[in-house]
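Undergrad: structure for this input, please:
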Amino acid sequence: MKKNFMFTSESVTQGHPDKLCDRISDAIVDRLLEQDPYSRIITECAVSTGIVFLSARFEPNANVDFTNVARRVIEDVGYNQASFNNKTCSILTSLEELPASKEKKFDEQQLSDSQIELITVKNQVTLFGFACNQTEGLIPLPIWLAHKLARQLDKVRQKKILPYLAPDGKTQVGVEYCDRRPYRIHSITIVASQDDPSIPDLKQLEKDIYETVIKPAFTQENIQPDSDTRIFINPDGIDSPGGPASHSGLTGRKNAIDTYGEYAKHSGAALSGKDPLRIDRVAAYAARYAAKNIVAANLADECEVQLSYTIGQARPVSIEVETFDTGKVAEEKIIEQLQQHFDFRLAGIIRQFNLRLLPSLNQGKFYQQLATYGHMGRMDLELPWEKTDKISIF
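TA: Numbering: from 1, shown residues only. This is a model prediction of the structure:
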């Protein structure tokens, strides 16, 4: 295994078109589940100049105005440009009502173990969960830092510290590794869009971004940029106006940003826009939960958990563990513990994490909070799959 290398990960702000689509899709999921925790919904969104397209298949047991949800998200994110805003953008919809399904109305909290065994998955998928001890969130340092920069870039715009910024932005961090441990910051890249291309000029933008975004983001980090760290701020020049007027967006196109920044494997399935009955969403959380508890229990410095599901089965047909030569115990022993103490069945995952009720318990805004800054490694949210309450079993 390679020990010395440089690795980069990227993140994006709330206003990036792909993330805007994720947020709209998950806001619709939140709205339906808030009204009825047993709602079924699969929704995708696409945006371009002045246009939003919504495609959804859902069970008609809730009264949701899809277009109104989309307009509220666009407004909340901060798009008020003439080229794209919540009032004048055209919203096209393709909505299909699913037939009512009694088999999906189960109350997982009341099911016996044998009843949970009868609830099978309807999708085939292989998912990966990953954790490592590079950061306090137990995720790789490059994506951890990229998310911090994206969050700070959003913050200085929303608080009008840099009032000229538009919602669209991107960040990237390169980290050099020695003996598979991060030891220095190789590079930092930030692309920030502006409402007015003339305000400010590029030189002032570079100074403002460095002082209000980069420096605060690294304040509490053990590894700081050094004199050789390469810093790029809008290396292609002024980006105006950014957003859907500059490039299109689509739900589910930023899986690496949602997970581990390409440092570890992830499924090709989108996480956003799906209710908790979709195993390709919820099992990604279950795999992360398992991997994080393994690392938190000091069984390995890095751990990848693989879960493979096939249609018509309740349990994963395969559970694999890879510790990348950092394990303190045999991987076969870890797999045995996972099989004994973790429930990877669909209804078991929903019950363990209370996934159907989280929107109503969070004022109708749970899943949409995941749409930006990652679904994994979040320290700002109380996410059930980020708990380390299983370390005592190992």
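Undergrad: when you work out contacts or count neighbours from here on, use the C-alpha atoms and nothing else.
TA: Noted.
Undergrad: and the gap between Ala146 and Asp239?
TA: As judged by CA to CA, to the nearest Å, Ala146 and Asp239 stand 19 Å apart.
Undergrad: is Ser94 in a helix, a strand, or coil?
TA: Of the three states, Ser94 takes strand under DSSP: H, G, I helix; E, B strand; the rest coil.
Undergrad: quick one: pLDDT of the closest residue to it other than its chain neighbours?
TA: Nearest non-adjacent residue to Ser94, counting by CA to CA, 6 or more residues apart in numbering: Ser55, 4.7 Å away. Note on Ser55: pLDDT of 97.
Undergrad: burial measure for Ser55, as a count.
TA: Neighbourhood size, Ser55 [other CA atoms under 10 Å]: 16.
Undergrad: that one and Tyr373, how far apart?
TA: 24 Å.
Undergrad: same check on Thr88?
TA: With the distance defined as CA to CA, Thr88 ends up 28 Å from Tyr373.
Undergrad: find the nearest non-adjacent residue to Leu299, please.
TA: In space, and not counting its chain neighbours, Leu299 is closest to Lys328: 5.1 Å by CA to CA, 6+ apart.
Undergrad: what do you get for Asn293?
TA: Excluding its sequence neighbours, the residue lying closest to Asn293 (CA to CA, 6+ apart) is Thr388, at 5.1 Å.
Undergrad: what residues are up against the one you found?
TA: The neighbours of Thr388, taking CA atoms under 8 Å, 6 or more residues apart in numbering as the test, are 289, 292-293, 296.
Undergrad: of those, which is the nearest to Cys45?
TA: Tyr289 (28.3 Å; CA to CA).
Undergrad: list the contacts of the residue nearest to Leu299.
TA: 298-300.
Undergrad: report how many residues lie close to Glu221.
TA: For Glu221, using other CA under 10 Å, the count is 11.
Undergrad: relative to Gly273, how far out is it?
TA: 33 Å.
Undergrad: could you do Tyr309 as well?
TA: Noted for Tyr309: a distance of 20 Å to Gly273, by CA to CA.
Undergrad: who has more neighbours, those two?
TA: Ranked by neighbour count (other CA under 10 Å), Tyr309 and Gly273 place Gly273 first, with 28 against 25.
Undergrad: phi, psi of that one?
TA: Per-residue torsions, Gly273: phi 80, psi 20 (degrees, to the nearest 10).
Undergrad: isn't it up against Asp22?
TA: Yes: look at Gly273 against Asp22 with CA atoms under 8 Å: they come within range, at 6.9 Å.
Undergrad: identify the contacts common to these two.
TA: Residues touching both Gly273 and Asp22 by CA under 8 Å, 6+ apart: 44, 251.
Undergrad: still on that earlier bit, which of the contacts of Lys328 tops the neighbour count?
TA: For the contacts of Lys328, the largest number of neighbours (other CA under 10 Å) sits with Ala300, at 25 neighbours.
Undergrad: residues contacting that residue?
TA: For Ala300, the contacting residues are 132, 294, 323, 326-329, by CA under 8 Å, 6+ apart.
Undergrad: next one: Gly249
TA: Counting by CA under 8 Å, 6+ apart, Gly249 touches 16-21, 46-48.
Undergrad: let's see it at 7 Å
TA: 17-18, 21, 46-48 (CA atoms under 7 Å, 6 or more residues apart in numbering).
Undergrad: if we can go back for a sec, now, which of the contacts of Ala300 sits nearest Asn80?
TA: Cys132 (40.2 Å).
Undergrad: which element follows the helix or strand hosting Arg184 toward the C-terminus?
TA: Per DSSP states H and E, Arg184 falls inside strand 181-194. Counting by DSSP H and E, the next helix or strand C-terminal to strand 181-194 is helix 202-209.
Undergrad: and the very next helix or strand once past that next one, average pLDDT?
TA: Using DSSP H and E, the helix or strand that follows helix 202-209 towards the C-terminus is helix 215-217. Mean per-residue pLDDT for helix 215-217: 97.
Undergrad: residues of helix 215-217 that come out buried?
TA: Ala217 (16 or more other CA atoms under 10 Å).
Undergrad: hmm, who's touching it?
TA: With contact meaning CA under 7 Å, 6+ apart, helix 215-217 is reached by 148-149, 152.
Undergrad: what does the very next helix or strand once past that helix rub up against?
TA: Sequence-wise, the next helix or strand downstream of helix 215-217 (DSSP H and E) is strand 230-233. For strand 230-233, the surrounding residues in contact (CA under 7 Å, 6+ apart) are 186-191, 206.
Undergrad: Gln339: which of the residues you listed is nearest?
TA: Proximity of the contacts of strand 230-233 to Gln339 was ranked by CA to CA; the top entry is His186 with 40.3 Å.
Undergrad: quick check: the gap between that closest one and Ala131.
TA: Distance from His186 to Ala131, counting by CA to CA: 22 Å.
Undergrad: so between the two, which is more surrounded?
TA: Neighbour count, other CA under 10 Å: between His186 and Ala131, Ala131 has more, with 31 against 19.
Undergrad: assign the more buried one to helix, strand or coil.
TA: When classified by three-state DSSP, Ala131 comes out as strand.
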